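Chemist: structure here, sequence nowhere to be found:
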């Protein structure tokens, strides 16, 4: 059955109205409807074909995308697997790092404890050295009165504390600097210079002339007078003048001084004078001003009594002795026990705190 026939069969037959018959206008209407139906059917077919084509393209696109997605999914799985492996390796490495960090922390704690122990030991050693240095300075002052040596020792102790650069040593440095200023305020005694001049005098003793070794001053030659009485009287007068020149009578300032000394006594005189000067030097180093001046005074008396005071060497030695005797060598030395007690008290407190 054709589509026109189906269409005609589907539609009810038109019953001609009463009094009317089907004419040419009815066939026109029928043909128009048939054309429209055909056009609609063609349009529906085209739409169906187009829809099928689009669905096919969509299926192809979707399949391609699904294939791409599947590829991406496989790659993602591979990457995820690699990421998991990397994560496991990272976790293993992280565990190793954590163990190393823990070891390093333990080592750091041990090193800090060791550093603290070494620091305490270094402070104790430094304080022990400073205690010894201050003890030496105190001994120099008490035994020999050597202010310069004591000052050098105390400045070395202060320099040692300065290099440590710790706040807890400020009090010690104040005590040491206070004693240093007291030592610097003392008058200067050139002990070394005086000692050198005494050594020079000791070396010159052997060259000083003794009193009996001095040559008498040449008397002015008196004009020869001719004695009255002829040739015999003149001869007798000249003979008397020669005899007078053979015998010289000199006046000594000290009546008990021996006019002549045997060589052995002259030797002992010089050695005793040297001993006097040596004991004066020892008294100088000991700051014993009374003994120092007594020895110098005795040396001056011996030079004046037994040596030729007209000699320039003797006069120079006497001038040196007078100058040295007038130089004060005794000064009131300060007590630096404050610095020493401060260091010892700090050491005792520090040791009690560590224990």
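Modeler: Yep, that arrived. This structure is a prediction, so every number in the text was calculated from the model and none was measured. Numbers count the residues shown, from 1 in each chain.
Chemist: which ones are touching residue 328?
Modeler: By C-beta atoms under 8 Å, 6 or more residues apart in numbering, the residues touching residue 328 are 187, 189, 289. All C-beta atoms are positioned from the backbone trio N, CA, C, and that covers glycine.
Chemist: which among the residues you listed end up buried?
Modeler: Among the contacts of residue 328, those classed as buried by 16 or more other C-beta atoms under 10 Å are residue 189.
Chemist: want to try JSON lines for the contacts of residue 328, with distance to residue 74 and pLDDT as columns?
Modeler: As requested, those are exported to JSON lines (distance: C-beta to C-beta, whole Å; pLDDT from 0 to 100):
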{"residue": "187", "distance to residue 74": "104", "pLDDT": "73"}
{"residue": "189", "distance to residue 74": "104", "pLDDT": "72"}
{"residue": "289", "distance to residue 74": "112", "pLDDT": "83"}
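Chemist: and the contacts of residue 328, which of them are in helices?
Modeler: Among the contacts of residue 328, DSSP state H puts residue 289 in helices.
Chemist: number of nearby residues for residue 179?
Modeler: Neighbours of residue 179 under the rule other C-beta atoms under 10 Å: 25.
Chemist: contact partners for it?
Modeler: Counting by C-beta under 8 Å, 6+ apart, residue 179 makes contact with 154, 334, 336, 338, 339.
Chemist: got a ChimeraX select line for the buried ones in those?
Modeler: With 16+ other C-beta under 10 Å as the criterion, this ChimeraX line picks the buried residues out of these:
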select :154,334,336,339
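Chemist: format the contacts of residue 179 as CSV; extra columns: secondary structure, pLDDT and distance to residue 59.
Modeler: As requested, the contacts of residue 179 are arranged in CSV below (DSSP: H, G, I helix; E, B strand; the rest coil; pLDDT from 0 to 100; distance: C-beta to C-beta, whole Å):
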residue, secondary structure, pLDDT, distance to residue 59
154, helix, 86, 106
334, coil, 73, 115
336, coil, 78, 110
338, helix, 79, 108
339, helix, 83, 105
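Chemist: with respect to residue 210, which of the contacts of residue 179 is nearest?
Modeler: residue 334 (46.9 Å; C-beta to C-beta).
Chemist: quick check: domain ranges of the chain?
Modeler: Following automatic domain parsing, one finds the domains of the chain at 117-187+335-354, 189-214+256-330.
Chemist: for the last one, how far is the first residue from the last?
Modeler: By that I understand domain 189-214+256-330. 8 Å (C-alpha to C-alpha, to the nearest Å).
Chemist: weakest of the domains of the chain by average pLDDT?
Modeler: Lowest mean pLDDT within the domains of the chain: domain 117-187+335-354, a mean of 80.
Chemist: could I get the contacts of residue 328 in JSON lines, plus columns for distance to residue 346?
Modeler: Formatted as JSON lines, these follow (distance: C-beta to C-beta, whole Å):
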{"residue": "187", "distance to residue 346": "32"}
{"residue": "189", "distance to residue 346": "33"}
{"residue": "289", "distance to residue 346": "37"}
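Chemist: what about residue 305, helix or strand, and which?
Modeler: helix 289-306 (DSSP states H and E).
Chemist: run through who's touching that helix.
Modeler: Helix 289-306 is contacted from outside by 208, 210-211, 253-254, 257, 261, 269, 272-273, 276-277, 279-280, 283-284, 309, 314, 317-318, 321-322, 324-325, 328-330, using C-beta under 8 Å, 6+ apart.
Chemist: return the members of those residues classed as buried.
Modeler: 208, 210-211, 261, 269, 273, 276-277, 279-280, 283-284, 314, 317-318, 321, 324-325, 329-330.
Chemist: determine the longest helix present in this protein.
Modeler: Max-length helix for the chain by DSSP H is helix 24-139.
Chemist: by contact count, what packs against that one?
Modeler: helix 3-10, helix 147-164, helix 337-354 (3 or more C-beta pairs under 8 Å, 6 or more residues apart in numbering; DSSP states H and E).
Chemist: so which of the ones you listed comes closest to residue 89?
Modeler: helix 337-354 (49.2 Å).
Chemist: what's in contact with the closest one?
Modeler: Here helix 337-354 has contacts from 120, 123-124, 127-128, 130-131, 134-135, 138, 154, 157, 168, 171-172, 175-176, 178-179, using C-beta under 8 Å, 6+ apart.
Chemist: same thing but at 10 Å, please
Modeler: If you take C-beta atoms under 10 Å, 6 or more residues apart in numbering as the criterion, helix 337-354 is touched by 117, 120-121, 123-124, 127-128, 130-135, 137-138, 142, 154, 157-158, 161, 168-169, 171-180, 182.
Chemist: distance between that helix and the chain's centre?
Modeler: Offset of helix 337-354 from its chain centre (C-alpha atoms, centre = their mean, to the nearest Å): 23 Å.
Chemist: just want the angle from it to helix 147-164.
Modeler: If you take axes from the mean of the first three to the mean of the last three C-alpha atoms, to 10 degrees, helix 337-354 sits at 30 degrees to helix 147-164.
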